[in-house]
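Student: model this:
(one chain, ligands or ions: 2)
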Amino acid sequence: MTVLDLLKKHFGYDQFRPLQAEIIASVLERRDTLVLMPTGGGKSLCYQLPALRFDGLTLVVSPLIALMKDQVDTLKANGIAAEFINSSLTYPELNRVRTRVRRNAVKILYVAPERLVLSGFRDFLAGLKVSLVAVDEAHCISMWGHEFRPDYRNLVDLRRLLPGVPFIALTATATEQVRRDVAEQLELTQPQEFAASFNRANLTYSVRPKRNSVDALAALLDEYRGESCIVYCFSRKSTEDLATALCERGLSALPYHAGLDTPVRSQTQEKFIRDEVPIIVATIAFGMGIDKPDVRLVVHYDLPKSLEGYYQETGRAGRDGLPSECALFYSYGDKVKQDFFIDQIENAAEQRNAQDKLAQVIEFCDLQTCRRKYLLAYFGEDWPQDNCGGCDVCLTPREEFDATVIAQKILSAIVRTGERFGIAHLSQVLRGANTKRIRELRHDRLSVYGIVGDFSDGEIKEVAGLLQAKSLLRKNSYASLSLTPTGRTFLKNREKLILTRAKRVEPALRVTPDSDPAQVWRRRDAPPLADEQADLAVDAALFEQLRTLRRELAEERNVPPYVIFGDVTLRQMAAYLPQSRESLSRISGVGAAKLEQWGEAFLEVIRSHADEQGLAERPVPGTRRSRESQGSKVSRQGSTHIATKQLLEQGRSLAEVATERGLSVRTVVGHVEKLVADDEDFDLGPLLPVSDRLEAIQNAIDRSGATALAPVKAMLGKDYTYEEIRLVRAFMRQT
Ligand code: ADP
Ligand code: ZN
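Tutor: Ligands and ions are numbered 1, 2, ... in the order given. As a prediction, the model looks like this:
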């Protein structure tokens, strides 16, 4: 069996996610492998699939005891022999697992890191054939990480105990420092490193003004009725108050924080995982121990403490790849509140650190440019697009306006006040506010005092944000603004400046004088994100019936519903209405074992709904199997070019695909050539150079008369790239 066959048979999937195929290949070559992938990227498969190929045992070290049972249940549901060993097992249970492992009846064994030092466990290990060790949440081994676990240091001993056994270390923490540390601490030998993009394409980000906020929050949650949502709050007390307030508004919510009794906490968590309570109002303590793939909305009702935290917490939304939303409620008052808490920190270095982190969060909230781009840049990743189509800034209609005069006024005000003040003060000066402070500073005597009459405070701040994004001014410590060299040149040469901003709503249409332009934006109007799943014509009534069946089966088996099937699978069933085992098996997520166990139950529901409504089955498009049954070998070696194809079909450029997949543009062009060779209707149009370049290249290829590239390139000169030429050559072969 090929790895792709194993993927379909055991997991029910037709394609690999980006980098999975490459990582699995590295592990199968028995090389040490280091994997950096965001939450939801599909890390587990990177060791679970090789485990099926190896004849010995795959040992998985994971710090999250609470998760082990769910992971093992998920594997078992897929017909994979898995077990776990941790402190939750009784002695007889432990013995049973050990016996099964010794008899070679187990492929994957999860263990908690504290087991590794127990001599009993080491003796047990010594008698086994271990083929692979997977270290999940590998950042726990690093003191630089945010979740250092001393137990993880024992992994080095394990390494020495199992010489020659390959290790795969996986983490969603991206910093260079942690990555280096993981490789060193685990003593990985020349590890193959794979770093996926940290972009979460299916997540939409927004920042909303925090006004009438409980009602606004309730309205937002109401849009997600029946789906799983997490609301993060700053304090324990506010989680309780807010949960009560939401319940009073007819929503079903429970609070969760570290101050609750352990049994209450685990009950709440369990209810959430089992779809019994849709909304959890929590402090950040909630989420680490859960793997729920179908959280559709994560709200930050208070400011997060850092952008790392924000990224991690929002990362708990939409692990299954379906469109999900992250909303942050922000008010200036919240910033002041946070400042107050930071002022209480006694250690000066810690205080400074907290201030810096908060300043970054505030900058993120105040952004006038793409939030996704900013977040990714924060983690050192360059996002090539200007409009992501998935954050409130990018989704708000924008307009160009002549900003020359207002920009001159703002920059002059900065200079005249000595480049020592923040935007709040500068805005007051420009609008001619009559305050004591302004009089004391004698800023009312400056030539810039009161020269801006037609802009509100909010609008001045917006323009200042845009000027910062354009690098005309910069923000220093304590939020004071100063000019950059570009800014000085602009002012001196009286250059013209056109900027884009959120489209102004006509004053007559404004609901309140300061209604926020961001309010114009509605999530439901958002263009479909990078997910073809979003476009499925899902039969909502059938989807609900399938969810009910899933919940019943899950209760029977005492597992979380997502262990049976994920939302992606149910949505496809409710869109394609498969009515035979054969067509059901084509649905993503339906592997052999699940088909066997639950296929009939789901088919029955689908058939009777289809009968009642007079609906017919629809063909499941483009699965690997249907193509293979036509005798084509297209996808044998390469799900990798299929992954490229999907991204291209979503309108990404070659450079974007390359960045997103961690490949070179050259490799991506290679994929395109293969796609064209496999399918003569493949649309090269969007990838070709502009018409005069296209023509020049076509001429050169014609003239050279050969298939070799070098002569063509020589003719064209260094203005043209090999990649362009290869694309045009493919195009000419096609037409
Ligand atoms: P991570 O550990 O990186 O957060 P997981 O391994 O939990 O991610 O995978 C996230 C989700 O994606 C799971 O629901 C998993 O079943 C699904 N998944 C993983 N690989 C694929 C794939 N190749 N095709 C479709 N779904 C996948
Ligand atoms: Zn954006």
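Student: Could you verify that I280 is part of a helix?
Tutor: No: remark: I280 does not belong to a helix; assigned using DSSP: H, G, I helix; E, B strand; the rest coil, it is strand.
Student: Can you spell out which residues form a bridge with it?
Tutor: Beta-bridge pairing for I280 (DSSP bridges): I230, L254.
Student: Quick check: the closest residue to K8 other than its chain neighbours vs L132, distance?
Tutor: Nearest in space to K8, with sequence neighbours left out and distances taken as Cβ to Cβ, 6 or more residues apart in numbering, is D14 at 6.2 Å. (Glycine included, C-beta is placed from N, CA and C.) Note on D14: its distance to L132, by Cβ to Cβ, to the nearest Å, is 25 Å.
Student: what do you get for K492?
Tutor: For K492, the distance to L132 equals 64 Å [Cβ to Cβ].
Student: For burial, what's the neighbour tally of the closest residue to P397 other than its chain neighbours?
Tutor: Using Cβ to Cβ, 6+ apart and skipping the chain neighbours, the partner closest in space to P397 is K503 (4.3 Å). K503 sits with 12 neighbouring residues when counted by other Cβ atoms under 10 Å.
Student: Double-check that S131 belongs to a helix.
Tutor: No: read with three-state DSSP, S131 is strand and lies in no helix.
Student: of K492 and L132, who's got more company?
Tutor: L132 (24 against 8).
Student: what's across from the more buried one in the sheet?
Tutor: The partner residues for L132, given DSSP bridges, come to T58.
Student: for stretch 380-399, how far is the first residue from the last?
Tutor: Distance between the two ends of stretch 380-399: 30 Å, counting by Cα to Cα, to the nearest Å.
Student: Check the offset of it from the chain's centre.
Tutor: The chain centre lies 15 Å from the centre of stretch 380-399; the measure is Cα atoms, centre = their mean, to the nearest Å.
Student: for the record, mean pLDDT for it?
Tutor: On average, the pLDDT along stretch 380-399 is 86.
Student: And ligand 2, is it touching that?
Tutor: Yes: applying Cβ under 5 Å from the ion, one finds stretch 380-399 in contact with ligand 2 at C388, C391, C394.
Student: dump the residue contacts of the second one.
Tutor: In other words, C391. T204, Y205, S206, C370, R371, R372 (Cβ atoms under 8 Å, 6 or more residues apart in numbering).
Student: Run a quick neighbour tally on the second one.
Tutor: Counted with other Cβ under 10 Å, the neighbours of Y205 add up to 25.
Student: E552 too?
Tutor: E552: 13 neighbours (other Cβ under 10 Å).
Student: Next one: it from ligand 2, what distance?
Tutor: Distance from E552 to ligand 2, counting by Cβ to the ion, to the nearest Å: 41 Å.
Student: Which residue, neighbours along the chain excluded, lies closest to L694?
Tutor: For L694, the spatially nearest residue (Cβ to Cβ, 6+ apart) is L688, at 5.5 Å.
Student: Tell me how this structure divides into domains.
Tutor: What automatic domain parsing lists as the domains of the chain is 3-195, 203-395, 398-502, 534-635, 688-735.
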